[in-house]
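>>> Give me coordinates for this.
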Amino acid sequence: MALITIKNVKKQYTSDGDVVEALRGVDISIEAGEFITIMGQSGSGKSTLLSVLGGMNHPTSGEVEMAGVKLYHLPGEKLADFRAQKLGFVFQSFNLISYLTAIENVMLPLAIVSMNTPDKKAAARQALERVGLGGKLDRLPNQLSGGEQERVAIARAIVNNPEILLADEPTGNLDSKTSEDVMALFRELNDGGQTIVMVTHNRENGVYSDRTITLKDGVVVAH
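Have a look, this model is predicted:
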């Protein structure tokens, strides 16, 4: 049984009185342990699709099922709980808190988890060690390179052992060598069993994944 099933998902926006169809009937099935790349030109609907997958953007119609749960049948509070427990998010802009150290940034998703502080610190340290930053726990974001900041963001996303990791243009702000290092890290996480869905416009990133889904004008044209 698929871990993620998207059935006939449509998403419409109203912009200046015009209806914009961002997604026009998307069907996708993703197995547990897959590493999926979603590609497409700007405006193809790929970031909209990822936000729908992440429980952050209610589709106009259609069904999103993840880990046996119909996502948008959940009331708001339960949906937030599902996101916190099952999903990890990595964004292009890192979204690190500038006055918190690496380990404090990674501990943030654990704020709502019933664990004592030493256990939270241990989990954050382990996540940072997994991404190769065990020696930089107490650095502030501005004391880290772009690639290191992205690794902190990845550690923060995996600290609660989510079933699914969602990444939106994770190498968008990185040079090509650092991008390769970050993609190799995603591959490593996937080889360890992590299900990953990544949006990217960079074709070179696609070689690290198991399968590429291509969107054009809000529909799947290849998968």
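
>>> longest helix of the protein?
Among the segments of the chain that qualify as a helix by DSSP state H, the longest is helix 176-191.

>>> what distance separates that helix from the middle of the whole chain?
When distances are taken as C-alpha atoms, centre = their mean, to the nearest Å, helix 176-191 is centred 14 Å away from the chain's centroid.

>>> what residues are up against residue 45?
11, 22-24, 26, 215, 217-219 (C-beta atoms under 8 Å, 6 or more residues apart in numbering). For the C-beta atoms, the positions are set from N, CA and C on the backbone; glycine is no exception.

>>> meant to ask about residue 53, not that
4, 6, 64, 66, 166, 197.

>>> Quick one: neighbours of the closest residue to the third one other than its chain neighbours, just the number.
Sequence neighbours aside, residue 71 is the residue nearest to residue 64 in space, at 4.5 Å (criterion: C-beta to C-beta, 6 or more residues apart in numbering). By the criterion of other C-beta atoms under 10 Å, residue 71 has 24 neighbours.

>>> circling back to that earlier point, mark which of the contacts of residue 45 are buried, thanks.
Buried members of those, scored by 16 or more other C-beta atoms under 10 Å, are 11, 22-24, 26, 215, 218-219.

>>> what's near enough to touch the most centrally placed residue in the chain?
In the chain, the centroid-proximal residue (C-alpha atoms, centre = their mean) is residue 166; its distance is 1.7 Å. Going by C-beta under 8 Å, 6+ apart, residue 166 touches 50, 53-54, 87-90, 196-198.

>>> first to last residue in stretch 90-100, what's the distance?
18 Å (C-alpha to C-alpha, to the nearest Å).

>>> can you pull the pLDDT of the residue lying closest to residue 61 once chain neighbours are set aside?
Leaving out its chain neighbours, the residue that sits closest to residue 61 by C-beta to C-beta, 6+ apart is residue 10, at 4.8 Å. You'll see residue 10 listed with a pLDDT of 95.

>>> continuing past the host helix or strand of residue 10, what's the next helix or strand?
Using DSSP states H and E, residue 10 sits within strand 4-15. Helices and strands here follow DSSP H and E; after strand 4-15, the next one along the chain is strand 18-30.

>>> Could you please name the strands that following strand pairs with and the direction of each pair?
With DSSP bridges as the test, strand 18-30 is paired with strand 4-15 (antiparallel).

>>> What residues sit buried inside the strand it pairs with?
In terms of neighbour count (16+ other C-beta under 10 Å), strand 4-15 has its buried residues at 4-6, 9-11.
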